[in-house]
Structure formats: structure tokens, C-alpha cells
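Asker: here is a sequence together with a model predicted from it:
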Amino acid sequence: MERILKIHNGKILTPYRIIHGTVIVEGGRIKEVAEGNIDVPGASEIDAKGQFIAPGFIDIHVHGGGGHDFMDGTEEAFLKIAETHAQYGTTGLMPTTLTSELDELYNTLELYKQAERNNTKGAQFLGMHLEGPYFSLKQRGAQDPRYIRNPDPKEYMDILSRSSDIKRWSAAPELDGAIEFGNHMRSKGILVAMAHTDAIYEEALIAFEAGFTLATHFYSCMSGVSRRECFRYAGVIETAYLLDEMDVEIIADGVHLPAPLLKLIYKIKGPDRIALITDSMRAAGMPPGDSILGSKHNGLKVLVEDGVAKLPDRTSFAGSVATCDRLVRTMINLADVPLLEAVKMASQTPANILGIGNTKGSLISGKDADIVIFDENINVNTTIVQGRVIYKKVD
């Protein structure tokens, strides 16, 4: 780690405005953000060459990248995924599981501890996100139906006893036992999210009160308005719109959600309640073609085409192949969102949702020096994690 680092000659994205100036880093934290070129004797210098200096991207839902998945059962997979996403501006990410056998989950949780200690070249790990297995079969999407079931207190308490690294858990709130599950997770300080759910508004409202405060990959595998017998019911989508305090995460790759929906979500929820996520699987950062969703030994075969992963019969998406730079670019180009707010949804808002906004997510004195430098097309030049340059584009 450089003792003092000076990043200058760039357009700095503060939480409030864009200034042309200097960011000074000391001891892995931001010491000062100021206009102009400040003289810092003895500092290592990075000339941003007029590019944007922004807070690093925080991806709170990612399964893989660079040909690896977090459930491959190796430390190498964890480290290579972190390195892959760092190339696209991600400074912090949340490794995410799929529904699986319990032994596979336990192994993944154990590998997290090991990989976290040795992760020096990639995006920082921010805790594990368990996606499943407590889902609606009707809204399972690409999740393996063999492992989907209702919440079992004995099971999830045993899982929690094995790992203190679980920081988020996604589940369907309408299942038997889901409210008790939500209350227990909240008592442990774990973020609970509604996912792969067929809940109606009345069920979702009760769940929100029990701690289900985030909508996982909003719109994907999620109930909207439905007719049951002769009556119409609002779903989780409408619940998220009606509850101002509810957060949503969106796969802003331009495929999972087309431009009109991106604009609608932004118009109703605003940048303070939207987190941009990749939900990327192993094919992120890889060429199109055949791939696997989940672990190599028992994952689902998928096809990567049109900038997205699909089930082989093309009946459903199977996770994205996006990287965080693409998310920001999409929000600007397709949804007409200003640069400052697009970056906020990829940095400050996800940090706040995770409860780490006091140390990450914006370029403010005292916060971790997680910084990305990119050009006007959001092409990443440099990625810095806690004051360490972990990626530098080769000219």
C-alpha cells in the first residue's frame, strides 16, 4: 500500500457535483478531495488525464466471471472472479450462491474465509449473499428445482452457526415459515431480500415489516399484477413501488430490463433506492457460447448470446454476463440518467443498502479509498481498492 497517493487532473464525482481537482489518499483512506492541483511532496502520483475519478462500483449480487463461479469449490475461483470484475471498476462485491446441496453450500462458505484472506489483486469481498433455497417453484427461473424448499429453522440456524460471513439472504416471503425466517435474519443483522417470489401485496407488506426490505433482481422471477379467480391482486413489483422505503436492485444490462422499464423504475424509486447489480455468472468477461450456471460439476448448461445467458431452450434468462461499467453505461445511454446519479446507484446506494455507507460508496474524506478512473464512455482505466492500485489498463 502506498503511504500517500495523489490522483489529479481529473473530473471528480463527489456525492453532490463534479469538480476538476485532486484526491489525496493516505493509509488506504481518502484524506482530502479538493479542486485544483494540490502539491503533495513525496506522494506517488496518478495523472487521470482529464478522465473521471469516481467512487468504486459495489456489486451486491454476483455469481461469477472470467470463466469461474463462486460455487466451483476452489479458492482460485473466488480470486479470479474478484480480479475479473476489478478490471471493470468493481472495488467491492458480494459473492452469491445458487440453490444447491448443503455440502456444496458449506464448502463455499468455508472457501470464502480462505479466499478473503488471500484476496489482494481483486475487488474486496463484502460478505456472502445466499440466494435460496427458499423460493417459489413457480418463480424459480434458472434455479435448480431439486433444491427448492420452504424455510426450515433447524436448517438455516445450522447454516448461520457455520459462518459469520453471511450478510444477505434472498428468499420468497410468502412461503410457510418465511416471516419467522425474516425476523430471525434481521435479529442477526443480515439483510433479507424478496426473491423468486409469487407473493401478493398483502404478503409482501407483512414481509417488509419482518425485514424483507430489498427486492432481488427487480422484475426478474417476481410477481406483478395477477388475477386469481375473478379478482386482481398486486404483486411484489407493485409493493416495491408503493413502499417508498423499499430498496430494489436491477440488472441494468439493457436486456433483462428494456429502456422503458429502466426509466419507470428510476422515475418512481429514484437513485437513493436503486442498486445496480450484475447478477453475472461465470461467462462475464468471456466470449459468447456455451457455459454453465452454478458449479462445474452439477450446474445448469446455458447459452450465452445477445449479451445475456439463457437456458438452452431459450425460455428464460439464466443470469447476466454484465460487468459494472456496462450497468452505468446502460443507465446513461438507455435510461437517460445523469452520470452522477448512475454512478451513485453503482456505489453509494448499494453501500447504504448493505449498511456500510459510513466507510464506502463515495469520495469523502475519511472513507476507504475505493476509486475507479474511467473515460466518457465508462471505459475503465484504473481501479483502486483501499489505496492499492489493483488494475491498470495497458495502453
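Answerer: Cool, the structure landed.
Asker: in the stretch 1-150 of the chain, which spans are helices?
Answerer: 75-86, 102-118 (DSSP state H, counting those that start in this stretch).
Asker: now tabulate these in a markdown table and tack on mean pLDDT and distance to residue 259.
Answerer: Where C-beta positions appear, they are placed from N, C-alpha and C, glycine not excepted. Formatted as a markdown table, the helices of the stretch 1-150 of the chain follow (pLDDT from 0 to 100; distance: least, CB to CB, whole Å):
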| stretch | mean pLDDT | distance to residue 259 |
| --- | --- | --- |
| helix 75-86 | 98 | 25 |
| helix 102-118 | 96 | 36 |
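Asker: of those, which is nearest residue 213?
Answerer: Of all the helices of the stretch 1-150 of the chain, helix 102-118 sits nearest to residue 213, with 23.4 Å by CB to CB.
Asker: in the protein, what secondary structure element scores lowest on mean pLDDT?
Answerer: strand 317-320 (a mean of 85; mean pLDDT, DSSP states H and E).
Asker: for it, packing partners?
Answerer: Using 3 or more CB pairs under 8 Å, 6 or more residues apart in numbering; DSSP states H and E as the contact test, the elements touching strand 317-320 are strand 300-305, strand 308-310.
Asker: and among the helices of the stretch 1-150 of the chain, the most buried is which?
Answerer: helix 75-86 (a mean of 24; mean count of other CB atoms under 10 Å).
Asker: list the helices and strands that one packs on?
Answerer: Counting contacts by 3+ CB pairs under 8 Å, 6+ apart, helix 75-86 packs against strand 57-62, strand 64-65, strand 68-69, strand 90-95, helix 102-118, strand 124-125, strand 388-392.
Asker: using CSV, list the CA coordinates for the least confident helix or strand of the chain.
Answerer: Output of strand 317-320 as CSV, limited to C-alpha atoms (Å, rounded to 0.1, in the frame of the first residue of the first chain):
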residue,chain,number,x,y,z
PHE,A,317,-32.6,-15.8,-18.9
ALA,A,318,-30.0,-17.6,-16.7
GLY,A,319,-28.1,-14.7,-15.1
SER,A,320,-26.3,-11.9,-16.9
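Asker: any idea how far stretch 8-26 is from the chain center?
Answerer: In terms of CA atoms, centre = their mean, to the nearest Å, the centre of stretch 8-26 is found 24 Å from the chain centre.
Asker: brain fart, stretch 332-341
Answerer: That offset, for stretch 332-341, works out to 18 Å (CA atoms, centre = their mean).
Asker: would you mark the buried spots in it?
Answerer: For stretch 332-341, burial by neighbour count (16 or more other CB atoms under 10 Å) applies to 332, 334, 335, 337, 339, 341.
Asker: and the fifth one, its phi and psi?
Answerer: In terms of degrees, to the nearest 10, the main-chain angles of residue 339 are phi -50, psi -50.
Asker: mind listing what it touches?
Answerer: Neighbour list for residue 339: 13, 18, 52, 332 [criterion: CB atoms under 8 Å, 6 or more residues apart in numbering].
Asker: also the fourth one?
Answerer: Each residue near residue 337 by CB under 8 Å, 6+ apart is listed here: 266, 271, 331, 345.
Asker: let's see it at 10 Å
Answerer: Contact analysis of residue 337 by CB atoms under 10 Å, 6 or more residues apart in numbering lists 252, 262, 263, 266, 271, 274, 328, 330, 331, 343, 344, 345.
Asker: the helices and strands packed on strand 317-320: which one's closest to residue 104?
Answerer: The closest of these to residue 104 is strand 300-305. By CB to CB, the value is 13.8 Å.
Asker: who does that closest one pair up with?
Answerer: Strands that pair with strand 300-305, judged by DSSP bridges, come out as strand 289-293 (antiparallel), strand 308-310 (antiparallel).
Asker: which of those strands is buried the deepest?
Answerer: The most buried one of those (mean count of other CB under 10 Å) is strand 308-310, showing a mean of 23.
Asker: now what about that strand, what contacts it?
Answerer: Residues contacting strand 308-310 (CB under 10 Å, 6+ apart): 63, 142, 251, 253-256, 279-284, 288, 291-293, 300, 302-304, 316-322.
Asker: returning to what we had before: looking at the contacts of residue 337, which one is closest to residue 84?
Answerer: Of the contacts of residue 337, the one sitting nearest to residue 84 (CB to CB) turns out to be residue 328, at 17.1 Å.
Asker: so where's the stretch 201-350 of the chain uncertain?
Answerer: Of all residues in the stretch 201-350 of the chain, none has pLDDT under 70.
Asker: so where does residue 271 fall, helix or strand?
Answerer: Residue 271 is part of no helix or strand when elements are defined by DSSP states H and E.
Asker: and for it, the neighbour number?
Answerer: Applying the criterion other CB atoms under 10 Å, we find 20 residues in the vicinity of residue 271.
Asker: just to check, it is in contact with residue 342?
Answerer: Yes: with contact defined as CB atoms under 10 Å, residue 271 and residue 342 form a contacting pair (8.0 Å).
Asker: common neighbours of the two, please.
Answerer: With contacts defined as CB under 10 Å, 6+ apart, the residues shared by residue 271 and residue 342 are residue 331.
Asker: can I get the contacts of residue 337 in CSV including distance to residue 381?
Answerer: Listed next are the contacts of residue 337 as CSV, based on distance: CB to CB, whole Å:
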residue, distance to residue 381
252, 21
262, 26
263, 29
266, 27
271, 24
274, 26
328, 14
330, 20
331, 20
343, 15
344, 20
345, 21
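Asker: could you dump the strands paired with strand 300-305 into a markdown table and include distance to residue 240?
Answerer: Compiled in a markdown table, the strands paired with strand 300-305 are given as follows (distance: least, CB to CB, whole Å):
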| stretch | distance to residue 240 |
| --- | --- |
| strand 289-293 | 25 |
| strand 308-310 | 23 |
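Asker: how long is stretch 301-318 end to end?
Answerer: End-to-end distance for stretch 301-318, by CA to CA, to the nearest Å: 9 Å.
Asker: same question for stretch 41-55.
Answerer: Chord length of stretch 41-55, first to last residue, is 24 Å (CA to CA).
Asker: over to stretch 274-288?
Answerer: End-to-end span of stretch 274-288 (CA to CA): 29 Å.
Asker: what number of residues are in the vicinity of the closest residue to residue 296 other than its chain neighbours?
Answerer: Spatial nearest neighbour of residue 296, excluding adjacent residues (CB to CB, 6 or more residues apart in numbering): residue 72 at 5.6 Å. Burial of residue 72 is recorded as 23 neighbouring residues (other CB under 10 Å).
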